[in-house]
Structures are given as C-alpha cells and as structure tokens.
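Colleague: how would this look folded up:
(2 chains)
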Amino acid sequence: MSIKIDGLTHTYNPGSPFETHALKNVTMEIESGEFIGLIGHTGSGKSTLIQHLNGLLKATSGSIWINSVEITKPGVKLKDIRKKVGLVFQYPEYQLFEETIEKDIAFGPTNLGLKEEEVRQRVKEAMEMVKLPYDELKDRSPFDLSGGQRRRVAIAGVLAMQPDILILDEPTASLDPRGRDEILEQIKLLHQQKKMTVILVSHSMEDIGRLVNRIIVMHQGTIAFSGTPREIFSQAEELESIGLGVPQISHLMKAMNRNGCQLPEDVFTVEEAKTIIMDYLRGKHHA
Amino acid sequence: MLKDITIGQHYPTGSVVHRLDPRTKIIGTFVFMAGLFMVKNFEAYFVVVTLLIVTIKASKVPFRYVLKGLKPLMVLIMVTFLINLFMTRGDVFFALGPVTMTWEGLRQGIFMALRLMFLIVGTSMLTLTTSPITLTDGIEQLLNPLKKIHVPAHELAMMMTIALRFIPTLLEETDKIMKAQMARGADFESGNLINRAQSLVPLLVPLFISSFRRADDLAMAMEARCYRGGENRTRMKALQWHRMDVVVLLLVLGYLGIMIWMRVR
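Modeller: Alright, predicted model coming up:
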C-alpha cells in the first residue's frame, strides 16, 4: 500500500479571524512497506496530516492517493479507506466504551460488516499481536486494566480491522519505560511480520532513530526534511534551529570528540554507541 | 461541525451596555420580563420594542446577530402561534371540518408569538453583552443576602463558572472521540432515528467517563490549593456601582411604571 500526497493544503476556519494554515502545499510519497517516523513540534501539522490519510479531514486543496485510489475526490467511499488505513489516535484508551474487551475490539470489524465468526477470529489475532491473553481477558471490562494494557486494547481495536497502513499518533505518550518499549517492539514486529506500512508520530528522537527506515520532519505546516535517520541526525544544527534535537547519544559522541576523541558522530542508538566506544577504549588501551 | 454551537454567546464590543455592572443588567432583565408579562394589548408592545431597540443600538451588537438567536426557537414560536390560532374560541373566519380559525385566535397567536420573541431577544441581550464570568459574579453578589437563609450562593456561582469553562473543552473532546470512532468505522450520520441513537453510545460513554475523571481531577486540584468554599474569599475584580448603573436602573423602573400604568388604566 503506497501513499502519494500532492500539494496538500489544509486551512482551519477559513475566512474567519481564527484562520490558520495547518498544512501548506505538502507533497510526499510513502512506499509500500516503509516504516516512517513523523516528527515535528507541537502545531507543526503532524496530526492534521495523518487525519487526512483516512479521510477524517477534508483537504482545502491538493490530492491524496492511497494505492492509486484518489481519496480526495468527491464520492469516494470513506469506509473502504478506513478499512485500509488504520489510525490510532493519541491516548486511544479514552475511546474505549464497551462492557468487555472482546466487544470493544470487535467494534471496528463489526462496523466493516463482517460475520460473527470472522470478527471473533480477528479479535483473537489482534489481541495476540499486542500480547494480551485472549481467554483470560476477553470477558473483562477494559476499565479494570492498567493504563498500558488499556492502550493495547485500543490499538488492538484498530488492528482488528486488518489495515494495510497503520498510523500511530504518539502511541507511547505518558507510558512508563517498560510499557513504551513493549508497544514499540510490537509495532516493529507488525511491520516486519505483517508487512504493514507504518507511520509513527513521535517526539522521541531515540525511539524513532532506533525503529524507522525514514524520518519525515515537519515544521510550520511544511516538510522540512526527509531522509534516513542517519541523514536526518547529521543535520543537528538545522534540527535544533526548528526546536527539535538529535538523540542524546549523538550529543554524547559530539561532546567526546570536542574533548579530543575521534569518533563517528552519526550514531543514534545506545547499542551502536556502546560498541564504538568500547572499541575505541580498547584501541586506546593497546596503543 | 460542533464548533458552530454557541451557548451563552458573548459578543464583545466594549459599549456602554457591556461596561454596565452585571447586577444592573440582571435586575434590568428581570424587570423587563416582569413588564413584558403585564402587557395586555398591542399598544404596550411599542414601549417594549422601543426599549429593545435602544438597548441593541447602545450595545453596538449587529441587529442581524441578535435576530439569529431566534432561529433555533422558531419551531417553538410557530407551535405557540398555531395552537393559539386553532384553539381559541370566537368569530370563525375559516373552517375545514373540525378545524376552525378565529379572529380572536389570530390576535392571540400573534400576541403570544411576539411576547416569546421579545422575551428571547431581551434575555439574549444579557448574555450577548456580559461575559459568562462577570455574569456569574453578578449572580453571586445578588444572591449574597440569601446566604443568611443558607442559600449556597458562592457554590452555585462556582458551579456555573466551572460548567461554562468546560463547554469548549467538552466540545473538543467530543470532536476527538468522534473522529477516533469514525476511524474504527463508526457512522454517526446515516440510518434511521434508532440507529443514530445507538451509534451515539460509543461517543457518549467515553465522554461521560472523561467528564467524571476531569471533575475528579479538578476537585483534587482545588482542594490541593485549599479551596474551602466562599468563606472569606476576596476577589481580584470587585464589582462596583457606577453612575451609569443608577441611570439605567432608574430608566428600568420608569419602564416598569409605564407597564403597570398601561395595565391598570
């Protein structure tokens, strides 16, 4: 499933004193099977952009193609698009409403008009994907669960629709480190095993640098940079000038170089840095 | 779609009417209503209309904007008119089977419809020219004497302030949950009445839950800052009577006098 966006512009409250241009002439392409990290400051247009991808917001101008279907044309069946493009909002646990976890996850697939047996099968699979034991939890109330588990129920609710493109808006916001790592790990597996195209919106450079193939940086409604994590994080000054930063570990490498080490600076995962620093120290020791 | 709803809409222009003490405006509105209900004939409506036009002019709120407030209540006004038209006995000028229209009914219908419209326009002038916070301040001050008989004036005003403050928050929340459910294939727009009512469950349940959570958090935050009700609380902007308030109150009393005189004469 590929996505093509051409000249997308979105204006909130046009013609009123509250007029704001959230997106300005955004053009980009996302290939099938890519894992995209979408970063940008609050108000840079990330959320507005992703809400266009399944037709929740209508473009002021410009067009979007999902797998060669132009979804910005009038008369397009939005239900078909929402079946293909799954969108997990920020704090998705606040959308839970059913008495049992099974029923809540079944809400999406039931809306697609699937048969009961198929729905149950999908709920089971979706719960497995997010590591929630089906038999143990299916009849429990979602409100009995912990925050992290509730979020996983909500994510399962979108996965059960079996989308080809999965978009997650800050799925790890306000989770503890363990909950965060678990959710990110599961998203990574979904991308690898189910060959889903994933768009991950996040503030955390560390998470994004570790997971994605390509980073898209948004700034004031436009795309500021696009490239592999390595390419993006090599432009530390530019990133900082628009209020973003590079992973802390990259800062460490730079600081070490300032103090006389000769280390590569395009490092953005702790594991990679560890190997490099260990090698460097060993080399120094032997010399 | 939800952003179009304006409850207790305030239209700031900074006019004389806007600057009046909220207590003056509240008392004025009540006196206006009392006068309106004393009206027995069309002549007295001239006084009412004059007063309304003067108020609207002085407030600098566009006429069209004021009249827009009548729109949502048009059905109620029409029903009132029709019931009076068909149900009043008197000289029949039109009959179709059991359905009859009378001259008295027509007169009564127009009379009642006008009364409703004046009532709506008059009271909406209060909310159009007074910000919600000032309004609740005024209500609290006016209810103050009732504290002697244990009416919780401060608490009532605080509840109103909080309710008003959370309207935009709740609208935003509704919009967000609606979108989240639409992303899961929910449909809020098509189907018959029963289907539509059912489709609201996925919206209302999360909304209620988050409202309770918010209320809980707010109560906790207020207690953490030692909120203990109205006892010994002072305010940053104390309400003060000005000369203009006295003038307006005298005018309003004059209006009441005229209305009483027109009724008993």
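Colleague: so A:Ala22 touches A:Ile50, yeah?
Modeller: No - contact criterion Cβ atoms under 8 Å: A:Ala22 and A:Ile50 do not qualify, at 11.7 Å. Glycine gets a C-beta too; all of them are placed from N, C-alpha and C.
Colleague: Model confidence for B:Ile5, exactly?
Modeller: pLDDT for B:Ile5: 44.
Colleague: Kindly report the same for the one 3 residues further on.
Modeller: B:Gly8 carries a pLDDT value of 54.
Colleague: for A:Cys261, what are its contacts?
Modeller: A:Tyr280 (Cβ atoms under 8 Å, 6 or more residues apart in numbering or on different chains).
Colleague: Close to chain B: what parts of the stretch 151-287 of chain A are there?
Modeller: A:157-158, A:161 (Cβ under 8 Å from any Cβ of the partner chain).
Colleague: what's around the residue in the stretch 151-265 of chain B that chain A sits nearest to, how many residues?
Modeller: In the stretch 151-265 of chain B, the residue that lies nearest chain A is B:Gly185 (3.1 Å; Cβ to the nearest Cβ). The number of residues packed near B:Gly185 is 18, by other Cβ atoms under 10 Å in any protein chain shown.
Colleague: Just confirm A:Leu166 is within a strand.
Modeller: Yes - according to DSSP: H, G, I helix; E, B strand; the rest coil, A:Leu166 belongs to a strand.
Colleague: thinking it is in contact with A:Lys195, fair?
Modeller: No - A:Leu166 is beyond contact range of A:Lys195, at 11.1 Å (criterion: Cβ under 8 Å).
Colleague: So these two - more neighbours on which side?
Modeller: Legend: neighbour count by other Cβ under 10 Å for A:Leu166 and A:Lys195, higher for A:Leu166 (24 against 11).
Colleague: tell me the average confidence for whichever strand or helix holds A:Gly108?
Modeller: Using DSSP states H and E, A:Gly108 sits within helix A:101-111. The pLDDT scores in helix A:101-111 average 94.
Colleague: quick one: the following helix or strand past it to chain centroid distance?
Modeller: For helix A:101-111, the following helix or strand on the C-terminal side (DSSP H and E) is helix A:116-129. Using Cα atoms, centre = their mean, to the nearest Å, the distance from the centre of helix A:116-129 to the centre of the chain it belongs to is 23 Å.
Colleague: likewise stretch B:148-156?
Modeller: 22 Å.
Colleague: If I look at residue 137, what pLDDT would I see?
Modeller: Answering for chain A, as no chain was given. 92.
Colleague: my bad, chain B
Modeller: Value listed for B:Asp137 in the pLDDT field: 88.
Colleague: mind saving the C-alpha coords of the helix or strand harbouring it as CSV?
Modeller: Element membership for B:Asp137 (DSSP H and E) is helix B:132-143. The C-alpha trace of helix B:132-143 is given here as CSV (Å, rounded to 0.1, in the frame of the first residue of the first chain):
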residue,chain,number,x,y,z
PRO,B,132,-20.0,34.4,31.5
ILE,B,133,-17.6,35.0,34.3
THR,B,134,-18.9,38.5,35.0
LEU,B,135,-22.4,37.1,34.8
THR,B,136,-21.8,34.5,37.5
ASP,B,137,-20.0,37.1,39.6
GLY,B,138,-23.2,39.3,39.4
ILE,B,139,-25.4,36.3,40.3
GLU,B,140,-23.3,35.5,43.3
GLN,B,141,-23.4,39.1,44.5
LEU,B,142,-27.2,39.3,44.0
LEU,B,143,-27.7,36.1,45.9
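Colleague: Quick one: list the elements packing against the following helix or strand past it.
Modeller: Under the assignment DSSP H and E, the closest C-terminal helix or strand after helix B:132-143 is helix B:153-183. Counting contacts by 3 or more Cβ pairs under 8 Å, 6 or more residues apart in numbering or on different chains; DSSP states H and E, helix B:153-183 packs against helix B:132-143, helix B:201-224.
Colleague: ranking these by burial, who's on top?
Modeller: With neighbours defined as mean count of other Cβ atoms under 10 Å in any protein chain shown, the helices and strands packed on helix B:153-183 peak in mean count at helix B:132-143, which reaches a mean of 19.
Colleague: for chain A, what are the low-confidence residue spans?
Modeller: By pLDDT under 70, the low-scoring segments of chain A are A:15-17, A:287.
Colleague: Leaving out sequence neighbours, find the closest residue to the residue of the stretch 101-250 of chain A found nearest chain B.
Modeller: In the stretch 101-250 of chain A, the residue that lies nearest chain B is A:Asn111 (3.1 Å; Cβ to the nearest Cβ). In space, and not counting its chain neighbours, A:Asn111 is closest to B:Gly185: 3.1 Å by Cβ to Cβ, 6 or more residues apart in numbering or on different chains.
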